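1. give me coordinates for this.
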Amino acid sequence: MKKPVKVGLAVAVALPILAAAAIRLFVDGNTFRPMIESRISAALSRKVSLGTLSLSVMTGSLEANDLAIAEDPKFGQTPFFTAKRLRIGVQMKPLIFNRQLIVRSFEVDAPQIHLIHAEDGTWNFSTLSHGAGLSHGAGSQSTTQPATLPDATLSDLSVGLITIKDGNAEIETLSSRTNARVYDHLNVELEHFSLDKAFPFTVSASLPGDGKVGVSGTVGPINPQDAAITPFDARLTIEHLDPVVAGYVDPAAGISMIAGLDAHIVSDGMNVTSDGKVHAEHLIVLKGGKAAPHPLDVNYQIGYSLKGNSGQVSDLALQTGAVAIHVKGTFQFAANVPVFDLKLLAQSVPIDGLQALLPAVGAKLPDGAVLKGGTLSANFDIKGSAKDNVIVGSYEIKNTELAGYNLGSKIVGIAAMGGIKTGDTTVIEISRADMRISKSGSETTNIYSVLPALGESTGSGTVSPSGELNFHLISKVTSAKGLNKIGVDILTKLNSTSAGAKPSDAAGIPINITGTAENPIITADVNGLVKGNAATLRSKGADILKKTGLSNLFGKKK
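-> Next comes the predicted model:
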């Protein structure tokens with residue numbers, strides 16, 4: 001290579017470096033620090049502090065080694081927003097030749113953001129930009145020219161791109177006793193940012209428990225009176241959300257799942273509407289339930305009033321396969337805790353499609369048994385909070401089979417007569433009752449069921465919070481044969497004339513059910529009948545005992 005060429009290349013490389021060095025000597029970035037602090041402080045209505053500013057000609061930016069945005073005094077003195085580095089993209093030519101600062105972008109690295117939700121529903125970021133942009137009045141159009149310092153008015157603040165990289169956001173609810181929720185790896189991008197017109201945005205973050213959240217859409221114009229009620233239109237997606245680990249649900253409520261969410265959310269600043277789908281795996285809806293073996297989809301439509309702090313559930317459909325159970329009603333936030341008044345309605349829903357949902361709602365069957373065929377109808381009112389609620393209503397099951405359960409072999413007393421045989425499947429023509437469920441257990445009344453193997457049964461009972469059964473029924477046994485039928489008939493008549501306490505006035509065999517739903521203990525209370533009718537039995541003599549088989553029933557030897 002010839003010497004002149006080498007010299008030319010050296011000059012070409014050296015000149016930009018020398019120029020950059022010279023510019024740094026004559027342009028002190030700290031000159032602009034008071035203006036930038038004042039400008040951003042005015043725009044945010046909060047005191048903003050910057051560390052030492054340095055000029056980077058190569059990147060066309062001013063870099064601050066510290067950034068702090070003050071907290072609303074009502075929420076304390078700890079800064080609302082801090083970061084170790086802020087890079088401000090600027091137009092270099094106006095800066096160098098005219099000492100004019102025209103901002104192109106803001107880039108914040110690894111900020112710490114502290115969001116606080118007060119008991120009255122206000123947020124600590126509500127007063128951000130409080131009063132900003134009022135100089136134009138309602139309906140005014142802002143200038144499209146880039147903002148300069150210090151000449152532009154507040155509503156003219158416009159930045160081409162604002163990015164936050166790898167931030168950490170902590171959300172604290174003052175009235176809640178639960179730990180603050182933390183969102184790691186927070187990334188935010190705001191394009192064509194302006195205070196007085198809408199602009200696009202994207203947000204992504206990690207959730208506790210390996211969850212991920214993403215939001216994208218448009219937001220603005222920023223409400224100058226309360227930034228928390230700024231209008232927006234967004235698409236929200238969540239992956240692998242554990243609501244208990246993430247702090248959304250109190251563990252004591254008994255609700256758990258691993259969920260995904262795809263939602264559309266729109267706010268006009270006063271009212272929020274949302275519709276979408278929750279995909280739930282390992283779902284448990286009620287305390288004491290077991291995880292559903294198959295995923296469940298929940299499609300919803302809700303509306304929420306920011307001013308009234310209340311909302312309307314237009315429809316919430318729990319769907320598994322082709323089966324859907326609908327919930328509608330209202331909810332109100334009290335001390336940041338949702339209190340709801342809902343109605344659950346199921347009309348002739350195929351039971352086969354509900355198998356995946358039964359464990360999740362706490363419905364338990366005897367060990368090894370499953371329901372096959374038939375339909376379920378239910379009508380329940382659900383009132384209270386997730387942690388403390390009361391469920392009242394009724395259900396009706398028709399034409400189903402309890403497969404894997406031999407009822408005849410389980411009933412002590414009646415089975416000894418040899419007249420009730422169900423095999424491994426118990427047919428249920430109808431079963432209906434009224435129920436009341438609360439944290440103190442459940443109470444079932446007005447029970448009416450028809451099982452071909454047993455007959456008609458009526459009665460009532462309770463289930464304790466620990467799952468202990470205590471049911472008392474009267475069964476009109478219609479399936480016993482021959483001499484055993486005579487025995488059952490006599491016991492039925494004895495019950496109808498006994499002066500002893502009975503669960504109902506109906507004639508039949510009294511049956512007690514104890515144990516648990518997984519392992520029920522079913523006993524025909526014939527001993528009580530005999531004791532209460534000893535005189536009647538003695539008057540008939542031993543012959544009746546032999547004919548009816550009652551001697552066998554009580555273990556007497558022939």
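2. just the strands in the stretch 1-150 of the chain please.
-> When assigned using DSSP state E, counting those that start in this stretch, the strands of the stretch 1-150 of the chain occupy the ranges 48-50, 53-56, 61-64, 67-69, 81-83, 85-90, 101-109, 112-117, 148-149.
3. of all these, which lies closest to Glu239?
-> With distances scored as CB to CB, the stretch of these nearest to Glu239 is strand 112-117 (21.9 Å). All C-beta atoms are positioned from the backbone trio N, CA, C, and that covers glycine.
4. using PDB, write down the CA coordinates of the closest one.
-> Extracted C-alpha coordinates of strand 112-117, given in PDB (Å, rounded to 0.1, in the frame of the first residue of the first chain):
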ATOM      1  CA  GLN A 112     -36.600  -0.200  40.700                       C
ATOM      2  CA  ILE A 113     -40.300   0.800  40.700                       C
ATOM      3  CA  HIS A 114     -42.500   0.800  43.800                       C
ATOM      4  CA  LEU A 115     -46.200   0.800  43.100                       C
ATOM      5  CA  ILE A 116     -48.600   1.300  46.100                       C
ATOM      6  CA  HIS A 117     -52.400   0.800  46.100                       C
END
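5. next, the residues that contact it from outside, please.
-> The contact list for strand 112-117 (CB atoms under 8 Å, 6 or more residues apart in numbering) reads 71, 75-76, 78-83, 123-125, 167-174, 186, 336.
6. now the strands for the stretch 401-550 of the chain?
-> Counting by DSSP E, counting those that start in this stretch, the stretch 401-550 of the chain has strands at residues 411-412, 425-438, 441-451, 455-463, 469-476, 509-515, 520-524.
7. quick one: average pLDDT of the longest one?
-> If you average the pLDDT over strand 425-438, you get 92.
8. any idea how far it is from the chain center?
-> In terms of CA atoms, centre = their mean, to the nearest Å, the gap separating the centre of strand 425-438 from the centre of its chain is 29 Å.
9. strand partners of that strand, parallel vs antiparallel please.
-> strand 389-403 (antiparallel), strand 441-451 (antiparallel) (DSSP bridges).
10. format those strands as JSON lines; extra columns: distance to Gln312, mean neighbour count and mean pLDDT.
-> What follows is the strands paired with strand 425-438, written out as JSON lines (distance: least, CB to CB, whole Å; neighbours: other CB atoms under 10 Å; pLDDT from 0 to 100):
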{"stretch": "strand 389-403", "distance to Gln312": "18", "mean neighbour count": "17", "mean pLDDT": "93"}
{"stretch": "strand 441-451", "distance to Gln312": "28", "mean neighbour count": "17", "mean pLDDT": "93"}
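11. and of the ones you listed, who's closest to Arg46?
-> Taking CB to CB as the criterion, Arg46 comes closest to strand 389-403 out of those, the separation being 40.9 Å.
12. who's in contact with that closest one?
-> Where contact means CB under 8 Å, 6+ apart, the residues beyond strand 389-403 that reach it are 340, 344, 348, 351, 365-366, 369-384, 424-439, 446.
13. can you tell me which of those are buried?
-> Using 16 or more other CB atoms under 10 Å as the burial test, the contacts of strand 389-403 include 340, 344, 351, 365-366, 369, 371, 374-376, 378, 380, 382, 426-428, 431, 433, 435-437 as buried.
14. so Ala517 makes contact with Lys364?
-> Yes. Here Ala517 lies in contact with Lys364, judged by CB atoms under 8 Å, at a distance of 3.7 Å.
15. shared neighbours of the two, anything?
-> Between them, Ala517 and Lys364 share the contacting residues Gly467, judged by CB under 8 Å, 6+ apart.
16. excluding sequence neighbours, find me the nearest residue to Ile522.
-> When the adjacent residues along the chain are set aside, Ile522 lies closest to Ile411, with 4.7 Å between them (CB to CB, 6 or more residues apart in numbering).
17. now do the contacts for the one you found.
-> With contact taken as CB under 8 Å, 6+ apart, Ile411 is in contact with 420, 454, 511, 522-524.
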